[in-house]
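Engineer: here is the input, now give the coordinates:
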Amino acid sequence: MSEPSRARAGSPHVPGDELSDPPVVPAETTGTGDAHGRSGEPRFDVFERGTLPEWALVRQRLDTDEVDDVRGAVREALQPVIGTVEPGMRVCVAAGSRGIDRIDEVVRATIERLREAGAEVFVVPAMGSHGGATPEGQLEVLASYGITPGSMDCEIRSSMETVELGEVRPGVPVFMDRHAYDEADLIVPVNRVKPHTDFTGEIESGLAKMIAIGLGKQKGADTFHRQGFAVFHELIPEVAAFTLAHAPIPFGLALVENGHARLARVAAVPAGRILERERELLREARDAMARLPFPEIDVLVLDRIGKDISGLGMDSNVVGRYYAGPTGEPPFVQRIVVRGLTAETEGNAVGIGMADVALRGAVEAIDRHKTYMNCITAKTPEGARIPITVDSDRDALAVAIAACLRVMPETARIVRIRDTKHLELLYVSAPLLLELLAGGRCEVVEPLHGMRFDDRGLFTERLD
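Structural biologist: Here you go, the predicted model:
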């Protein structure tokens, strides 16, 4: 028997030649006599079955090695390589990745030391298509880190214009920021080394990626992403090596963070060792990275996502999920809830498409232009998809649990975190607590208690 098909527009109606009506969800009385709340949006009371489990506030013990004196650490790191800078040289400092701990202090100390060597210094944004892919937008992004002409005491030259350096492969041109290439004698990239959210390789996020993509601006990022993430582990080292052979980059400043997302290492790496050294630093960063200490989670609640948290808004290495589904590494999460966006992301909600449920406040905060520019350039439009949208945390939990397989509210394994970058404190539901404490890496801060909501159904407990 053939499946029924939808009737085409303009064709005669044939009885039985249409999809059957979907099941009707009975309206719940909410004071208006229908299934809508005060906002006129649908309520989900029908899914509020059973009783939510209690949860406890737990602290996870993470790597705490940290740089206390940023200026001193930068100066010490630069000492072996500063001899490559001669008096009178024009030096461009490339900065751009979001969410790096004390990046303004790092860049300022770098500029200071370069000037002491006799250089004339300026800064360029090296962030591909971020900031809406406009010069003004990229200046705003830098300013959100505390990097401004006033705070750095030097000029910031922002432009989307590029110079083509050649082709690394047939049909794969390599681009570089025009200000950096045309107006500097030396270019010094400053970036954090960390696991990437979209691909896995010996070299992921770091100096090589900034050299290959960040300095290429929107045109370079678009060209690079057009090849697909499946080849990034090969292309990033290739393009970085090609660029290093065609542009005056004497060294880069690599940063590594600890499990609390605090600066733990500053390393100046000579150009000839960038690819080798970055492999070592990536292993160090991966070992120090904070993770969720569970193999399986039914519902993961994120208070916020944003570009300052991760390139994907939420780190796929933490949530175990990418746009196409599970990454194959734990935790295995059935449903993800997003409650809001960070202020620093300035409406860029890239990655919200990985969530299953979102609060209305998060959706209404989206800057569509910034989000779409980022997602289209990265060839991942699915990152801008809007999840099921609800008005309250209570509704979000009800919908997320109802969308899980073989889960009842009383037994739901629920975890709530601030974001994927800050994992020291987390709320853990009772069905997960014994398993968590058995691992010996966590301690209870606040014992099991009922989830607390206000009269709007929003959590009253904070995680910051």
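
Engineer: hmm, residue 372 and residue 133 touching each other?
Structural biologist: No: distance between residue 133 and residue 372: 10.3 Å, which falls outside the contact criterion (C-beta atoms under 8 Å). Every C-beta, even on glycine, is put in place using the N, C-alpha and C of the backbone.

Engineer: so those two - more neighbours on which side?
Structural biologist: residue 133 (22 against 18; other C-beta atoms under 10 Å).

Engineer: now the more buried one. Its backbone dihedrals?
Structural biologist: Dihedral pair for residue 133: phi 60, psi 40, per degrees, to the nearest 10.

Engineer: residues touching it, list them.
Structural biologist: Listed by C-beta atoms under 8 Å, 6 or more residues apart in numbering, the contact partners of residue 133 are 160, 217-218, 373, 377.

Engineer: and it, how far from residue 441?
Structural biologist: According to C-beta to C-beta, to the nearest Å, residue 133 and residue 441 sit 42 Å apart.

Engineer: how many residues are close by the residue nearest to residue 297 when sequence neighbours are not counted?
Structural biologist: Distance criterion C-beta to C-beta, 6 or more residues apart in numbering; nearest residue to residue 297, sequence neighbours excluded, is residue 333 at 4.7 Å. For residue 333, the neighbour count with other C-beta under 10 Å is 23.

Engineer: hang on, residue 333 in a strand?
Structural biologist: Yes: counting by DSSP: H, G, I helix; E, B strand; the rest coil, one finds residue 333 located in a strand.

Engineer: wouldn't it be in contact with residue 319 here?
Structural biologist: Yes: using C-beta under 8 Å, residue 333 is in contact with residue 319, at 5.9 Å.

Engineer: need the residues touching each of these two.
Structural biologist: Counting by C-beta under 8 Å, 6+ apart, the common neighbours of residue 333 and residue 319 are residue 300.

Engineer: packing partners of the helix or strand bottoming out on mean pLDDT in the chain?
Structural biologist: Within the chain, no helix or strand scores below helix 217-225, which has a mean of 86 by mean pLDDT, DSSP states H and E. Here helix 217-225 touches strand 162-169, strand 172-177, helix 368-377, going by 3 or more C-beta pairs under 8 Å, 6 or more residues apart in numbering; DSSP states H and E.

Engineer: return the most buried member of the ones you listed.
Structural biologist: Mean neighbour count (mean count of other C-beta atoms under 10 Å) peaks for strand 172-177 among the helices and strands packed on helix 217-225, with a mean of 23.

Engineer: ok, now which ones touch the closest residue to residue 137 other than its chain neighbours?
Structural biologist: Excluding the flanking residues, the one nearest residue 137 by C-beta to C-beta, 6+ apart is residue 131, at 3.1 Å. Counting by C-beta under 8 Å, 6+ apart, residue 131 makes contact with 125, 137-141, 370.

Engineer: what about the residues you listed, which are in helices?
Structural biologist: 137-141, 370 (DSSP state H).

Engineer: and the two most separated of the residues you listed?
Structural biologist: Within the ones in helices among the contacts of residue 131, 139 and 370 form the most distant pair, 14.1 Å apart (C-beta to C-beta).

Engineer: all helices for the stretch 251-400 of the chain, in order.
Structural biologist: Using DSSP state H, counting those that start in this stretch, the helices found in the stretch 251-400 of the chain span residues 274-288, 316-319, 360-364, 368-377, 393-402.

Engineer: next, the buried residues of the first one.
Structural biologist: What it means is helix 274-288. Under the neighbour-count criterion of 16 or more other C-beta atoms under 10 Å, helix 274-288 has 274-275, 277-279, 281-282, 285, 288 buried.

Engineer: which strands and helices sit next to that helix?
Structural biologist: helix 207-212, helix 232-246, strand 251-257, strand 263-270.

Engineer: and for the shortest one?
Structural biologist: Taking 3+ C-beta pairs under 8 Å, 6+ apart as contact, there are no helices or strands that helix 316-319 lies on.

Engineer: which residues sit against that helix?
Structural biologist: Outside helix 316-319, the residues touching it (C-beta under 8 Å, 6+ apart) are 195, 197-198, 289-292, 300, 310, 322, 327, 329, 331, 333, 336, 354, 420, 423.

Engineer: just the last one next, same as before
Structural biologist: Contacts to helix 393-402, defined as C-beta under 8 Å, 6+ apart, come from residues 43-45, 47-49, 52, 298-299, 301, 335-337, 339, 356-359, 388, 390, 407-409, 412, 414, 451, 453, 457-459.

Engineer: in stretch 449-460, what counts as buried?
Structural biologist: Using 16+ other C-beta under 10 Å as the test for burial, stretch 449-460 gives 451, 453, 457-459.

Engineer: typed the wrong thing, it's stretch 89-101
Structural biologist: Buried-residue list, stretch 89-101, by 16+ other C-beta under 10 Å: 89, 91-101.

Engineer: please save the CA atoms from it in CSV.
Structural biologist: Taking Å, rounded to 0.1, in the frame of the first residue of the first chain, the C-alpha atoms of stretch 89-101 are listed here in CSV:
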residue,chain,number,x,y,z
MET,A,89,60.1,48.4,12.7
ARG,A,90,56.4,48.6,12.2
VAL,A,91,54.8,45.7,14.1
CYS,A,92,51.2,44.6,13.8
VAL,A,93,49.7,42.6,16.7
ALA,A,94,46.8,40.4,15.6
ALA,A,95,44.1,39.7,18.2
GLY,A,96,40.5,38.5,17.9
SER,A,97,39.4,35.3,19.6
ARG,A,98,36.6,35.8,22.1
GLY,A,99,36.5,34.7,25.7
ILE,A,100,40.2,34.6,26.4
ASP,A,101,41.1,35.3,30.0
